[in-house]
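S.K.: Build me a model:
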Amino acid sequence: MIVSTPYVECYVKKSFLDGTYDYSNNETIFGVIIAIRFVRGKAPLFFVYLPSIGAVYDKVAQCAIFNKPNPTEAITMLDVGWWDSISNNWQLTTIKFMETLDIMGYMNGAINTMRGNYLFTCEPLPEENVDYGQATAWHEHKTKTFAFDYETGVLFCVPNNRMRLLDQSLSHDPLEDPTWLKVYKPDIDLQTHENKGFFGKTTNFDYSE
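M.R.: Here you go, the predicted structure:
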């Protein structure tokens, strides 16, 4: 499924456009994110318009997209924190409250904290014969929120149970311990994405930094 995005200016690693996929080659080209393709069981691919060429490249990996040219770090898909799509059908929304928050804290798949400016949020839609894993109903499955990391500039995303927001007028400083807050129903058997073990057998599903 292809979902249109807001107009997002970016820089894309050229090696992900010429077929060499060299993670350490940080030469980039200016582009504009215009859509995302979601395919069940795979990480999403981004449509990026390349103004200097007049072309739309429709299979850009997330780890190749930055908000500044020629990044200094090699970034892999593990670093950007995406879990494979559970559905072909997704919707995209921009949450107004989150647009006002310029500091966002995450822990990604590589166990690194990333902080960045909010872009948009994606949510899976109902689909037959799809195991929604952590939900007793499809709409309870975790959303995915996208941002550009302040330090590296990479486009990354995080599920809602790995995301912490600091509102300068509402939040305490420091934030309270969130580990008591669970994102699943305790009366059903659900599996983690990390190790296929059951919830209650892992500590990797909580809010944490």
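
S.K.: Look up how far Thr143 lies from Asn160.
M.R.: Remark: distance between Asn160 and Thr143 (Cβ to Cβ, to the nearest Å) = 5 Å. Every C-beta, even on glycine, is put in place using the N, C-alpha and C of the backbone.

S.K.: More neighbours: these two, which one.
M.R.: Thr143 (19 against 14; other Cβ atoms under 10 Å).

S.K.: any idea how far that one lies from Lys96?
M.R.: 15 Å.

S.K.: Could you do Tyr23 as well?
M.R.: Tyr23 is 36 Å from Lys96, where distance means Cβ to Cβ.

S.K.: of the two, who's got more company?
M.R.: Counted by other Cβ under 10 Å, Tyr23 and Lys96 do not tie: Tyr23 has more neighbours, with 16 against 7.

S.K.: Setting the sequence-adjacent residues aside, check what's closest to that one.
M.R.: Spatially, and ignoring its direct neighbours in sequence, Tyr23 is nearest to Ala74 (4.5 Å; Cβ to Cβ, 6 or more residues apart in numbering).

S.K.: The one you found belongs to a strand?
M.R.: No - using DSSP: H, G, I helix; E, B strand; the rest coil, the secondary structure at Ala74 is coil, not a strand.

S.K.: tell me the pLDDT at it?
M.R.: On pLDDT, Ala74 comes in at 87.

S.K.: Now for it: which residues touch it?
M.R.: For Ala74, the contacting residues are Tyr23, Ser24, Asn26, by Cβ atoms under 8 Å, 6 or more residues apart in numbering.

S.K.: and which of these is nearest Pro6?
M.R.: For the contacts of Ala74, the minimum distance to Pro6 (Cβ to Cβ) is 25.5 Å, reached by Asn26.

S.K.: about what we covered before: which among the contacts of Ala74 gets closest to Val80?
M.R.: In terms of Cβ to Cβ, no member of those lies closer to Val80 than Tyr23, at 12.0 Å.

S.K.: what's the distance between the closest one and Arg115?
M.R.: Distance from Tyr23 to Arg115, by Cβ to Cβ: 22 Å.

S.K.: Return the helix or strand in the chain with minimum mean pLDDT.
M.R.: Within the chain, judged by mean pLDDT, DSSP states H and E, the helix or strand with the poorest mean is strand 104-107; its value is a mean of 65.
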